[in-house]
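> Any chance you could fold what I've pasted below:
(chains A and B)
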Amino acid sequence: MSDIVGSRDFLNSLDENNLPEDIEAFLDIVREKYGIAHIVYHAINVRGLTEDDPYLRHTYPVDWVARYFDKDYFSLDPVIEAGIGGHTPFNWDTLDWITKPRRNFLGEAMEFKIGLSGMSVPIRGMGGEHAILSVTSFQNERDWNLFLGSYMGDFQRIAGYIHQSIVTHERNEPVPTVTPPSPRERAVLQLAAYGLSTDAIADKLSIKERTVRAFLETARYKLHALNRTHAVSVAIGHGFILPPT
Amino acid sequence: MIRQVTSRNAAANGTLLEEMFRARKRLFKDRLNWDVTIDAQGREMDEYDRLDPLYVIAVDDAGHHQGSCRLLPTTGETMLRDHFTALFDGVVIESPLIWECTRFCVDSEAGATLTPHGVQKHTTELFCGMVETGIESGIEQVVGVFDRRMIRIYSRSGWSPEVVGQSGEERDAVFLGIWDVDEPSVASIREAGGLVGSVLEKNAPRVQQSGVA
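As a prediction, this is how the structure comes out:
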C-alpha cells in the first residue's frame, strides 16, 4: 500500500519516454505502483484476438492460469458472467459465489494467492467489441473500497489504454492506428502543446471550459494516450499538431 | 430511491423495466410526439436498449417506476455519434470517462412531490443518482441532447449543462450539453433538491426486521 499515495501522479507522469512498449511490463508497473495483487486483461469479443482461444494478458501465476484453462473455469467464473453484460465497473463482492462449484473455485484461487478482493472494468468498443480488465487486492474491505473510490478513473483510463495497445499490437498494424482528432480537437491540443491551461485554452478559442476538457479527453482516448501530455506528444508524432517552438 | 439496472440484474427487475418502456412511450410518443418506435406490447424501445445500457431508475417505496434515464459509454455506439454529430461541429465525443445520457423520462402519472424549487422530486433524484453512479464508475462527464423544456428543469435542479450545440429554432430547438460528474455537482443537486445522503438504493441502510428472528 505504501506506493498508493501519488498513484495519480504516476499515471499522469507516463509518456512515450518512460512507457514500456511491452504490455506485460506495463501490467507489472501498474501492479507495483498501485500496490495491487494482480491485474488481468481478458478479451471477450475482439476482432483479431478471440477467434481461436480466450485471450488473456495477466500477472497471475502461470500455474493458476494453466489450471483455469484446464478446468475451463471460463464457464464457471462469475466475473466473466458479469463482465459480458453491462459496461459499469463492478466489485467482485457483489457477485454470486454461493454455489458449491464457485465456492471451490474461489478456494482454489485463494490457494494461488490471487487476492481477497477484486474489481472489473468492462471495456466497450464499436460493433460489440468487448473486453474486461480486472484488478485484485489483499487489502481489507474498507481499504479496498476507499482505494476504488480514489482510483476508478485511473483504471478506466488504464483499461482503455491496455485494450488499444493490445489490439494494435496483435493485429500487426504497421503504424499504430490512432483515430485522427477532429479539427476542433486539434486546435485544443495545439494550445495544450504550447503549455496553456484548460481555462486559457477556453479563453483563446472562445469555447467553454467543460468543452475543452471533453475535447482533450476525447483526443486522449483517440490517440491511445494515458494523459494530456502523452496525448500531445502522440499528436505531434503523427503530425496532427506542430511541436512547440 | 434510485436503482441501477444493468443486464446483470435485469431479470430480477423485469416488471420495473416493462413500466419504464411504457412510461417512455407515454412521454416520447404520446406527449412529445417524437419519431420513436413502439412495439406490439406498447413499449418504446430502440437499438440502444440492446447494447446493455445502464438504466438509472427512480422507484417509489413499492418499487414502481417514477422516472428513468439510459446511460452508455461513448466508446461504443451512441445516439450522439449516429444522429447528432452536426450539433457539435462534427465532433464525436469518445471516451470511457464520458457517458451519453438519453431517454430521460419522468413519469407524469407518478405522484408529483415537488422540491423547494418546484421541480419534481424524482427528477432531482435521477440527476443525483446519475452523478453518484458516474463517480463510483470513475466517470468525469455526461453528454446529452435535450429540448427547451428541460433547460429550466436542469437549472432549478442545480445541475446545469454547458450548452455546446444547437439545432433548430424556438420550440423545435434541440441542444447538446455537457455536464460535470463530480462531488460539487452532487452537493449542488442535493442542495437544490433538499436531498440528504446518497439516493442510491444499494447505499441505503438496511431496513431492520421487527420482531424476534
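
> switch to C-alpha atoms for all contacts and neighbour counts from now on
Fine.

> list the contacts for the residue in chain B that chain A sits nearest to?
With C-alpha to the nearest C-alpha as the measure, B:Gly138 is the residue of chain B nearest to chain A, at 3.8 Å. Listed by C-alpha atoms under 8 Å, 6 or more residues apart in numbering or on different chains, the contact set of B:Gly138 reads A:Tyr151, A:Met152, A:Gly153, A:Asp154, A:Gln156, B:Leu97.

> Now render those as JSON lines, adding neighbour count.
Shown next, in JSON lines, are those (neighbours: other C-alpha atoms under 10 Å in any protein chain shown):
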{"residue": "A:Tyr151", "neighbour count": "17"}
{"residue": "A:Met152", "neighbour count": "19"}
{"residue": "A:Gly153", "neighbour count": "21"}
{"residue": "A:Asp154", "neighbour count": "19"}
{"residue": "A:Gln156", "neighbour count": "22"}
{"residue": "B:Leu97", "neighbour count": "26"}
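
> Out of these, name the ones that lie in helices.
Mapping the contacts of B:Gly138 onto helices (DSSP state H) picks out A:Tyr151, A:Met152, A:Gly153, A:Asp154, A:Gln156.

> Not counting sequence-adjacent ones, nearest residue to A:Lys110?
Careful, residue A:110 is Met and not Lys. Sequence neighbours aside, A:Leu116 is the residue nearest to A:Met110 in space, at 7.5 Å (criterion: C-alpha to C-alpha, 6 or more residues apart in numbering or on different chains).

> can you tell me which residues contact that neighbour?
A:Met110, A:Thr136, A:Ser137, A:Phe138, A:Gln139, A:Asn140.

> Now a PyMOL select for only the buried ones of these.
Selection of buried members from the contacts of A:Leu116 for PyMOL, criterion 16 or more other C-alpha atoms under 10 Å in any protein chain shown:
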select buried, chain A and resi 136+137+138+139
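
> Among the ones in helices among the contacts of B:Gly138, which ones lie close to chain B?
Among these, the residues within reach of chain B (C-alpha under 8 Å from any C-alpha of the partner chain) are A:Tyr151, A:Met152, A:Gly153, A:Asp154, A:Gln156.

> circling back: would JSON lines of the contacts of A:Leu116 with pLDDT, secondary structure and distance to A:Ser233 be doable?
Below are the contacts of A:Leu116 laid out as JSON lines (pLDDT from 0 to 100; DSSP: H, G, I helix; E, B strand; the rest coil; distance: C-alpha to C-alpha, whole Å):
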{"residue": "A:Met110", "pLDDT": "92", "secondary structure": "helix", "distance to A:Ser233": "42"}
{"residue": "A:Thr136", "pLDDT": "97", "secondary structure": "strand", "distance to A:Ser233": "32"}
{"residue": "A:Ser137", "pLDDT": "96", "secondary structure": "strand", "distance to A:Ser233": "33"}
{"residue": "A:Phe138", "pLDDT": "95", "secondary structure": "coil", "distance to A:Ser233": "36"}
{"residue": "A:Gln139", "pLDDT": "94", "secondary structure": "coil", "distance to A:Ser233": "36"}
{"residue": "A:Asn140", "pLDDT": "92", "secondary structure": "coil", "distance to A:Ser233": "39"}
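
> Now chain A against chain B: closest residue?
Nearest residue of chain A to chain B (C-alpha to the nearest C-alpha) works out as A:Gly153 at 3.8 Å.

> Is the helix or strand harbouring A:Glu32 in proximity to chain B?
If you go by DSSP states H and E, A:Glu32 is part of helix A:23-34. No: on the criterion C-alpha under 8 Å from any C-alpha, helix A:23-34 is out of touch with chain B, staying 16.0 Å away.
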